[in-house]
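**Student:** What follows is a protein structure lacking sequence information:
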């Protein structure tokens, strides 16, 4: 797993643009990757875990960015704000083909609030008044800490997508919390949602996010030049998912 900054952390920045990438190795076939970030634009916090990490984010809002960065991104394909997930489920770790792959339509990673609480939202400075880099803060996270709760939904909602209400963060996942449980009973990890505007009528997402797993830190996070310069994570086009 690589945790990194998606923009330039300059003094005038409003906050960080946290990004995450994970690489899963498989025998005899290229690795499979998943990438997620909080947004294309910088956040309003210097706390790396202040926001959810998403595999689908909002498009650029600034007119200049729309005509420059977004336009350049779209030379590759139309769906620049999301990545595919089907590749995660098509092969097992030993390169066996999965005949009927089951994969989510969307994923996001919910930070453990105990980790978020380790730092304030403001930029932190050392005793010499030098800004403390986010990667030095990440090195403080103890081994065996759960970093994220993995949230997934099986289909595209016809209603506006809104996060579930905050729920108590658990260290364990129920035995039936798996991709294949998507066709089973509701796991009750969502509540009635509020759609802003008008009378704020409560709505219920007919395809809610479900808790399918946790990401636990098994070794200390460390700075690495190889991770900065030589480690690459392929972004899978969601068109591959939509062909089913």
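**Tutor:** That came in fine, so what should we check first? Note that the coordinates shown come from a computational prediction; the quantities given were computed from them, not determined experimentally.
**Student:** tell me the SS of the residue of the chain positioned farthest from its centre?
**Tutor:** Distance from the C-alpha centroid of the chain, by Cα atoms, centre = their mean, peaks at residue 128 (34.2 Å). Taken by DSSP: H, G, I helix; E, B strand; the rest coil, the conformation at residue 128 corresponds to coil.
**Student:** can you give me the helices for this structure?
**Tutor:** 63-65, 71-73, 113-116, 134-138, 225-229, 239-242 (DSSP state H).
**Student:** could you dump these to JSON lines with mean neighbour count?
**Tutor:** C-beta here means a position set from N, CA and C on the backbone, and glycine is covered the same way. Formatted as JSON lines, the helices of the chain follow (neighbours: other Cβ atoms under 10 Å):
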{"stretch": "helix 63-65", "mean neighbour count": "10"}
{"stretch": "helix 71-73", "mean neighbour count": "12"}
{"stretch": "helix 113-116", "mean neighbour count": "15"}
{"stretch": "helix 134-138", "mean neighbour count": "17"}
{"stretch": "helix 225-229", "mean neighbour count": "9"}
{"stretch": "helix 239-242", "mean neighbour count": "14"}
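**Student:** So which of the ones you listed is nearest residue 49?
**Tutor:** helix 113-116 (4.4 Å; Cβ to Cβ).
**Student:** Among the helices of the chain, which comes closest to residue 87?
**Tutor:** Of those, nearest to residue 87 by Cβ to Cβ is helix 239-242, at 6.7 Å.
**Student:** roughly how far is the closest one from the heart of the chain?
**Tutor:** 19 Å (Cα atoms, centre = their mean, to the nearest Å).
**Student:** Repeat that for stretch 139-149.
**Tutor:** 16 Å.
**Student:** Quick one: residues in contact with it.
**Tutor:** 49, 53, 109-112, 114-115, 118, 169-171, 211, 213-223 (Cβ atoms under 8 Å, 6 or more residues apart in numbering).
**Student:** same question, stretch 226-244
**Tutor:** 2, 4, 21-23, 30, 32-33, 35, 77, 79, 82-87, 103, 105.
**Student:** Repeat that for stretch 26-35.
**Tutor:** Contacts of stretch 26-35 (Cβ under 8 Å, 6+ apart): 19-25, 55, 83, 85, 87-88, 91-95, 107, 233-236.
**Student:** Quick one: end-to-end length of stretch 135-147, please.
**Tutor:** 15 Å (Cα to Cα, to the nearest Å).
**Student:** Stretch 129-138 now?
**Tutor:** End-to-end for stretch 129-138, by Cα to Cα: 19 Å.
**Student:** out of everything not next to it in sequence, what's closest to residue 38?
**Tutor:** residue 51 (4.3 Å; Cβ to Cβ, 6 or more residues apart in numbering).
**Student:** For that neighbour, give me its contacts.
**Tutor:** 18, 38, 39, 43, 45, 111.
**Student:** out of the contacts of stretch 26-35, which are buried?
**Tutor:** 19-22, 55, 83, 85, 87-88, 91, 107, 233, 236 (16 or more other Cβ atoms under 10 Å).
**Student:** mind giving me a markdown table with those and columns for distance to residue 73 and pLDDT?
**Tutor:** A markdown table is the format used below for the buried ones among the contacts of stretch 26-35 (distance: Cβ to Cβ, whole Å; pLDDT from 0 to 100):
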| residue | distance to residue 73 | pLDDT |
| --- | --- | --- |
| 19 | 15 | 94 |
| 20 | 19 | 93 |
| 21 | 17 | 92 |
| 22 | 22 | 92 |
| 55 | 16 | 91 |
| 83 | 12 | 86 |
| 85 | 19 | 88 |
| 87 | 20 | 85 |
| 88 | 23 | 85 |
| 91 | 28 | 86 |
| 107 | 20 | 90 |
| 233 | 16 | 84 |
| 236 | 15 | 80 |
